[in-house]
Structure formats: structure tokens, C-alpha cells
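Participant: How does the following fold in three dimensions:
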Amino acid sequence: MSNKERGQGLISKYVWLVETIYKAGKISFKDLNQKWLDDDISCGIALPKRTFDHWREAIADLFGIDISNENCGEYCYYIENREDIDGNGLRSWLFSTFCTGNALSGCKNIKDRILLEDVPSGQKHLQTVVEAIKANRVLNITYRQFFRCDEVINFDAQPYCLKLFRQRWYLVARSTTPEYYRQGPRIYALDRVLKISTTADTFKMPVGWSAHNYFKGCFGMYVEHAMGVSTVKLKVSAEKSDYIRTLPLHESQQEIERACCYSIFSYRLRITNDFMQEILSYGSDMEVLEPQSFRDMVRAKISKMAKQYEESVSETERKIKVDSSPSLKSQTKFTVRSLKNNELPMLDDFVYMACFVPESEKPYPRSIVNDRDARAFVGGLGSQPDDHCLVAESDGEIVGAVWVRKLTDNDAKPKDVPRLAISVKPEFRGRGIGTSLMKALLAKMRQENYEKVALIVDELNFVAQKLYQKLGFVSVGVDGCDYIMVYRF
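Facilitator: From the prediction side, this is the model:
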């Protein structure tokens, strides 16, 4: 076995050891050794205590991760600085990188099936910068400034810290030129560095300066210390909220409200252009609620973008755009009226079309309209005092229906509240028919002095959830994979 292979094998064992103790929380050497023997990495050979102690020291030197002993009871081992692995610091990044490398090291035969994102600035200059930071050595940098028509400048700078953001490495450094030195450190993207070298000059870091405090309250790479930290509240669609939860936008993120159709997240940060661009990237799935000044900024940006697109098309292109506009195509003449007795059988079709099926799943069998729940909801509709049904008719065709009935099933939620359902033929959706039907039925129920009406909606049916929320329905609970929503008159 070569020294390289032997070294890679040791790294794998170090990673296995840290991961095993990390997942266990606390573990005795006896239990650890058993897990070691149960894993193929051991080759069936027990882990000697002396080797284990040597590996603990190597892990501390390599990763900065301390494996400590309780020195009492079962003498369990644990990660003493566990928060460093959980956080966003260097130790966490290093360990995560080694874990990834360890997992992929044996994947050469499937290399064309594993795609990774490139960090263009991570290979050419990173080592030089890291060595200069470690030794407090001044760097000579030749740099291209994008915002000044690709002007190239050369200067000496004191490297303070590095930060990785969006597949780019950034260097926080302080120019030694007197005019710029007085202005403090600036941020330079390594992918714009043309040349970089270490000089013989050294420097002392300012007392009390820390990278964490420098970027505290900031999003991305814009650092506006003159701008105070604000409380920002964002309303995020349910479809995108899960993404925000699993990968927070900022370390200060808190979820302060959660409903079936949306969540509201709160942040404490400086409002910078980077943060605005992040919000805009979510489109209509993210809305600024507070502060009002930031909401106005985003609105102005969106208006400017819309105006830019309007002004950028020629008259011919504008005509084509108008003629093919979905909003004009979708204008459908229809009337809303009560269901006639002889039309009752067609409700089965609308019951079936009302069954929400995610794109990744197969449609329900047609026979679902005959199950007990469906029959209880539409069977003999019109025979009970609280039965109401309206339909939308277009060119003699019934294209949508909305109906309500008070279910007598003891399992119905919420109890003693009329249940509403709506269905529109797929080819007629997105034309305002569903909204018109809902508004007409709610108006009818209001006239008849109903207190409230309920409906259920699949947790993945985000389009319907938005419609119901817009009409005034609010989420009051969960029933399996469905949200229960109620409208109060």
C-alpha cells in the first residue's frame, strides 16, 4: 500500500470515529469498539486503546475537534466542542469537506454520475492567501474591478479573513495605501484577482477585530456598517417554506407564524442589495411585510424591472406579446346559477376532478367517486336543509361546480359546520371561474345567516390554498395530509 493510500485510509478512520461519537452523543470505549468491529472499515480487527488515543490527538490537530472522556461512570467519550461542528465556522466546514471527500473517495467508477459545483477561485489563489493570513504577511494583489469597466489595479494589502459565499471566495483585506488604509478593510473576490504574491512585509491584526463581528448582521458580502440592523419579516409560500427551514437565509432566522398556505420568518440584519436580490429570486413566493421602507424598496425594484421589460420590446414584439397574452386568452364568458335537479348526476364528474393528485403520483381510479366519503358528500344533494350547489355554465356547458353540505358523520371535522367543495374542469382553470363560484356561494350563505363554512385542502395543493386564503379562509387544523380551513361570516 502506498503512503498516499495509507493516508487516505487513516483519514477515513478519523472521519468514522468522529461521526460515530458525534451521532452517539456519548459512548463507552467498549461500545465504540463493538461498532468498529461491526463496520467493514475494521477488517475484523479490534481497535486498540493506544491507537484510539493516538487518533484522538491526530483528530484534534487535523480538524480542531476534541474527543474528551467523562472520567467517571462508564468513562464515556464525547465531542467536547460539538458546537463547532454544528456551527458555520472553519472546523465545521473542514470536517464537512473531509466527510464529503471520504464518501466520494471510492466513487471513481461512478464519477460521471456525481456532479459537483465548481468554486473557480478556490484553487489558484486560496493557498497563497491562507498562508499569508497565518503568517500576517502583506499581499501584493493585481485586481480587476468589474464596476469600473474592467479597470486593473495593483496594490499591497493586509489580509484579515476569508469568506465563502455562493461558490466564490472573498478576501477581506486592508490596503496599505494611506488614503485607503484610513477607510478600513475592503472585500475582494478571489476570482477577480489576476496575480497575487506574498511580500516580505508583516503586519499586526487590530486589537479586538474579528471576522464574525465584521459580518454580524450582514447577508452575503455587502457590509454596510453605517446602516443599522433592522427587523425584517418575510411571508413565504408553503411551497418554499420547507426550503427556508432546512437552509436558513440568515443565522438570525426565526419562524414566527406557520399556516397551511404560508409561513412568516423574522430576521435581524442589515438591509443590503445582496439581501434584496435574494428576496427577488423567490419571485411571488416571498413577500416583504416589514419594515415598510424595505417593502417600498422591493416594490420600486419590481416596478422598474417591469417597466424595463415593457420598454425593451419593439412595437411588433409588443403586438405579438399582447395577442398571445394568457390573460386575454383566458377571458371566458360564463354565468353562475343554481344546479338543476336533472344535472345532479354530473356532480360525480366534478367530484372526481376535485381529487388532487401531485404530478409525481398516478391518478385515482374513477371508482373513487363511489366510496363512502364521496357519496356522503354528494349523494342526494339538495335533499337536506344545508345543501347548496352552484354551477358555472359557458356556451351551454357546465364547466365548474361548488357545493356545500353539513356532514352527519361523527368523524367530520370540524363538527356541525357545513363542508364546502369546489371543482372546475382542467381546461377551464385559471380563468376566474373558481373564484366567482366561491364568492357567489359565500354571498348566498351570508344572506342565509350562516356563521361559518369549512373545507379541506391537500397540503401539496398550493394553488388552491392561495385561492382560499385570498378569499378569507384561515387554517384551523390538520386532518391526515389535508389542511382544515374555515371561513367565518
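Participant: can you give me the helices in the stretch 201-350 of the chain?
Facilitator: Secondary structure of the stretch 201-350 of the chain (DSSP state H, counting those that start in this stretch): helices located at 211-215, 238-246, 273-280, 292-311, 315-323, 326-329, 347-353.
Participant: Now do stretch 251-270: distance to the chain's middle.
Facilitator: Relative to the mean C-alpha coordinate of its chain, stretch 251-270 is positioned 12 Å out (Cα atoms, centre = their mean, to the nearest Å).
Participant: Pull it out as PDB, backbone CA atoms only.
Facilitator: C-alpha atoms of stretch 251-270 as PDB (Å, rounded to 0.1, in the frame of the first residue of the first chain):
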ATOM      1  CA  GLU A 251     -28.300  32.900  11.200                       C
ATOM      2  CA  SER A 252     -30.900  35.200  12.900                       C
ATOM      3  CA  GLN A 253     -33.900  33.500  11.100                       C
ATOM      4  CA  GLN A 254     -36.900  32.600  13.300                       C
ATOM      5  CA  GLU A 255     -40.200  31.200  12.100                       C
ATOM      6  CA  ILE A 256     -42.900  33.300  14.000                       C
ATOM      7  CA  GLU A 257     -46.000  32.100  12.200                       C
ATOM      8  CA  ARG A 258     -46.900  28.900  10.300                       C
ATOM      9  CA  ALA A 259     -50.200  28.400   8.400                       C
ATOM     10  CA  CYS A 260     -51.200  25.900   5.700                       C
ATOM     11  CA  CYS A 261     -50.500  28.400   2.900                       C
ATOM     12  CA  TYR A 262     -47.600  30.400   4.200                       C
ATOM     13  CA  SER A 263     -45.100  30.900   6.900                       C
ATOM     14  CA  ILE A 264     -43.700  34.200   8.300                       C
ATOM     15  CA  PHE A 265     -40.000  34.400   9.100                       C
ATOM     16  CA  SER A 266     -38.300  37.100  11.100                       C
ATOM     17  CA  TYR A 267     -34.700  38.300  10.700                       C
ATOM     18  CA  ARG A 268     -32.300  40.800  12.400                       C
ATOM     19  CA  LEU A 269     -29.900  42.100   9.800                       C
ATOM     20  CA  ARG A 270     -28.700  45.000   7.700                       C
END
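Participant: Residues contacting it, please?
Facilitator: Outside stretch 251-270, the residues that touch it by Cβ atoms under 8 Å, 6 or more residues apart in numbering are 88, 217-219, 222, 224, 227-238, 241, 244-245, 249-250, 275, 289, 457, 459, 462, 465-466, 468-469, 474-475, 483, 485. Placement of C-beta: from N, CA and C, glycine included.
Participant: Now for the closest residue to Gln145 other than its chain neighbours, how many residues are close by?
Facilitator: Once flanking residues are discounted, Gln145 sits nearest to Glu151: 4.9 Å by Cβ to Cβ, 6 or more residues apart in numbering. Counted with other Cβ atoms under 10 Å, residues neighbouring Glu151 total 10.
Participant: Please renumber the chain so that the first residue is 22 from this point on.
Facilitator: Right, with 22 as the first residue, what we last looked at is Glu172.
Participant: Look up how far Thr197 lies from Glu172.
Facilitator: Separation of Glu172 from Thr197 (Cβ to Cβ, to the nearest Å): 19 Å.
Participant: try Asn157
Facilitator: Here Asn157 is placed at a distance of 13 Å from Thr197 (Cβ to Cβ).
Participant: Pull up the overlap in contacts between the two.
Facilitator: Joint contacts of Asn157 and Thr197 (Cβ under 8 Å, 6+ apart) are Gln179.
Participant: what's around Gly493, how many residues?
Facilitator: Each residue near Gly493 was counted by other Cβ under 10 Å, and the total is 13.
Participant: scratch that, Glu299 is what I was asking about
Facilitator: 16.
Participant: is it true that it touches Gly241?
Facilitator: Yes: judged on Cβ atoms under 8 Å, Glu299 makes contact with Gly241 at a distance of 7.4 Å.
Participant: before we move on, what SS does Lys184 have?
Facilitator: Secondary structure, DSSP: H, G, I helix; E, B strand; the rest coil: Lys184 is strand.
Participant: residues in contact with it?
Facilitator: Lys184 sits next to 190-191, 193, 232, 236, 242 when contact means Cβ under 8 Å, 6+ apart.
Participant: Sort those residues by pLDDT and name the bottom one.
Facilitator: Least confident of these in the model: Met242, at 81.
Participant: so who does it touch?
Facilitator: Met242 sits next to 184, 186, 191, 208, 210, 295 when contact means Cβ under 8 Å, 6+ apart.
Participant: Most neighbours of all those residues, which one?
Facilitator: Tyr191 (20 neighbours).
Participant: Can you pull the poorly scored residue ranges out of the protein?
Facilitator: Counting by pLDDT under 70, the ranges of the chain that qualify are 22-30, 93-95, 105-144, 167-171, 247, 329, 331-352, 380-382, 430-434, 501.
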